[in-house]
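Peer 1: how would this look folded up:
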Amino acid sequence: MDRRSIIKQAGIAGVLAAGVAPAVHAQAAIRWRLASSFPKSLDTIYGGAEVFAKAVKAMSGGKFEISVHAGGELMPAFGVLDGVQSATVEMCHTVPYYFYGKNPAFALGSAIPFGFNARQMNAWMMHGNGRKLMNEFYANYNAISFAGGNTGTQMGGWFRKEIKTPADFKGLKMRLGGGLVGEVMTKLGAVPQSIPGGEVYQSLEKGTLDAAEWVGPYDDQKLGFNKVAPFYYYPGWWEGGPEVDFFVNNKAYEALSADNKAIIDAATAVAHTDMLAKYDALNPGALKQLVAAKTKVLPFSQAVLDASFKASMEVFAENDAKSPEWKKIYADMRNFQRDQILWFRFAESRFDTFMSAQKV
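Peer 2: Residues are numbered from 1 along each chain as shown. So this is what the prediction gives:
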């Protein structure tokens, strides 16, 4: 097994313990900039880039340093991919579905309505065709992608009024994370809004928004949404397991030595694993606190889920007709998902269903 293979399969501790840290002593120091789409206040999702940068510095012995810049610091939160494409920055940390307006296929690299959960997304990306297909597509934007975190299944958002039937979405101004779910919500009668996370609270408070989704209890509590919208719905059927990504300018990546490429590979894996674990650890306590503060946590009704699924399938068919890149990747994703659903229906689903009803 060569050094790069070992680094890919190990975290920082494993690399150091194995005594295979890259031989960087003869290499010139490298300084990169990373533009994030997220505000510093979100230590979970913004923090993923910091975890990555620290890992790069540690594994390179300080020879490879990456400065992390919050959304809006170097460029707008939704302009970071353009920054990578033009080589204004070497890399960014973002969610691919933010760029759905460029091509619908971007959403397939993170999350689509009624898509994968986090484990299934990892399986498709790592052992299916996911990463290969997405990077073939991202090459059109001078970028290569690496997994940079996952939030797990998200909550369905904060609402000023109850959502009992699909008709309750009519005329609702709702902040949504990507253009794809916006198209689905439009079919349900809602008026989607694309607003960076750092601006959502003010928009809810002023009444510019009637509802907003972000991530889940820990992040949402930090942003204070419960103070301006009392109804908290679940699940976020449009984000069953959204992958956050690192995009690296392809020329900048190819200019790296084999050792530094291996460091990028390993450090992104560290950050990716850490983010989901952090969300799973922090969300329960935050949810308890939100409930104690009188938040009304409610499930979307079966009627709402059925109508949302139907509308989603209509949008997917429309995307098949207008984007050959979407059509190719989407077909592969759904083929993989069918087997995932079959498998999870047995051991995983039965175990989770049983345990959710037990007192431990």
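
Peer 1: show me the helices in the stretch 251-360 of the chain, by range?
Peer 2: 258-292, 302-322, 324-344, 347-355 (DSSP state H, counting those that start in this stretch).

Peer 1: TSV please, covering these and showing mean pLDDT and mean neighbour count.
Peer 2: The C-beta positions use only the backbone N, C-alpha and C, and glycine is treated the same way. Below are the helices of the stretch 251-360 of the chain laid out as TSV (pLDDT from 0 to 100; neighbours: other Cβ atoms under 10 Å):
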stretch	mean pLDDT	mean neighbour count
helix 258-292	98	19
helix 302-322	98	16
helix 324-344	98	16
helix 347-355	95	10
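
Peer 1: quick check: which of these is nearest to residue 140?
Peer 2: helix 324-344 (8.3 Å; Cβ to Cβ).

Peer 1: and the closest one, how far from the chain's centre?
Peer 2: 18 Å (Cα atoms, centre = their mean, to the nearest Å).

Peer 1: next: stretch 142-154.
Peer 2: That offset, for stretch 142-154, works out to 5 Å (Cα atoms, centre = their mean).

Peer 1: and for stretch 270-289?
Peer 2: Stretch 270-289 sits 14 Å away from the centroid of its parent chain (Cα atoms, centre = their mean).

Peer 1: could you dump the helices of the stretch 251-360 of the chain to CSV with distance to residue 97?
Peer 2: Below are these laid out as CSV (distance: least, Cβ to Cβ, whole Å):
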stretch, distance to residue 97
helix 258-292, 17
helix 302-322, 13
helix 324-344, 12
helix 347-355, 25
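
Peer 1: those: which one's closest to residue 148?
Peer 2: Among the helices of the stretch 251-360 of the chain, the nearest to residue 148 by Cβ to Cβ is helix 258-292 (5.8 Å).

Peer 1: residues near the nearest residue to residue 77 once chain neighbours are set aside, how many?
Peer 2: Closest residue to residue 77 apart from its sequence neighbours, by Cβ to Cβ, 6 or more residues apart in numbering: residue 71 at 3.4 Å. A count of neighbours around residue 71, defined by other Cβ atoms under 10 Å, yields 25.

Peer 1: ok, the one 3 residues further on next?
Peer 2: Applying other Cβ under 10 Å, we find 18 other residues in the vicinity of residue 74.

Peer 1: still on that earlier bit, the residue nearest to residue 77 contacts residue 92, doesn't it?
Peer 2: No. Taking contacts as Cβ atoms under 8 Å, residue 71 lies outside contact range of residue 92: 9.8 Å.

Peer 1: shared neighbours of these two, anything?
Peer 2: Common neighbours of residue 71 and residue 92, counting by Cβ atoms under 8 Å, 6 or more residues apart in numbering, are 35-37, 80.

Peer 1: mind checking the helices of the stretch 251-360 of the chain for the one nearest to residue 132?
Peer 2: So among the helices of the stretch 251-360 of the chain, helix 324-344 is nearest, using Cβ to Cβ, at 9.5 Å.

Peer 1: remind me which residues of the stretch 1-150 of the chain are low pLDDT?
Peer 2: The stretch 1-150 of the chain contains residues with pLDDT under 70 at 1-27.

Peer 1: show me where it has its strands.
Peer 2: Along the stretch 1-150 of the chain, counting by DSSP state E, counting those that start in this stretch, strands occupy 30-36, 64-69, 91-94, 143-150.

Peer 1: just the buried residues of the last one, please?
Peer 2: Neighbour counts over strand 143-150 (16 or more other Cβ atoms under 10 Å) mark 143-150 as buried.

Peer 1: what is the nearest of the residues you listed to residue 311?
Peer 2: Set against residue 311, the nearest of these by Cβ to Cβ is residue 150 (24.9 Å).

Peer 1: gap between the closest one and residue 327?
Peer 2: 25 Å (Cβ to Cβ, to the nearest Å).

Peer 1: contacts only, for residue 155.
Peer 2: So residue 155 contacts 213, 215-217, 220, 232-236 (Cβ under 8 Å, 6+ apart).

Peer 1: helix, strand, or coil at it?
Peer 2: coil (DSSP: H, G, I helix; E, B strand; the rest coil).

Peer 1: give me phi/psi at it?
Peer 2: When read as degrees, to the nearest 10, the backbone of residue 155 gives phi -80, psi 160.

Peer 1: send over the host helix or strand of residue 184 as CSV, restricted to the C-alpha atoms.
Peer 2: Using DSSP states H and E, residue 184 falls within helix 179-187. C-alpha atoms of helix 179-187 as CSV (Å, rounded to 0.1, in the frame of the first residue of the first chain):
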residue,chain,number,x,y,z
GLY,A,179,-33.6,26.3,-6.4
LEU,A,180,-34.8,22.7,-6.9
VAL,A,181,-37.0,22.6,-3.7
GLY,A,182,-38.1,26.1,-4.7
GLU,A,183,-39.5,24.7,-7.9
VAL,A,184,-41.3,22.0,-6.0
MET,A,185,-42.7,24.4,-3.5
THR,A,186,-43.9,26.7,-6.3
LYS,A,187,-46.0,23.8,-7.6
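
Peer 1: who are the neighbours of it, in terms of helices and strands?
Peer 2: strand 191-193, helix 302-322 (3 or more Cβ pairs under 8 Å, 6 or more residues apart in numbering; DSSP states H and E).

Peer 1: can you say which of the ones you listed is nearest to residue 172?
Peer 2: strand 191-193 (6.6 Å).

Peer 1: now the closest one: buried residues?
Peer 2: Buried, per 16+ other Cβ under 10 Å, within strand 191-193: 192-193.

Peer 1: check which element follows that strand along the chain.
Peer 2: helix 200-206.
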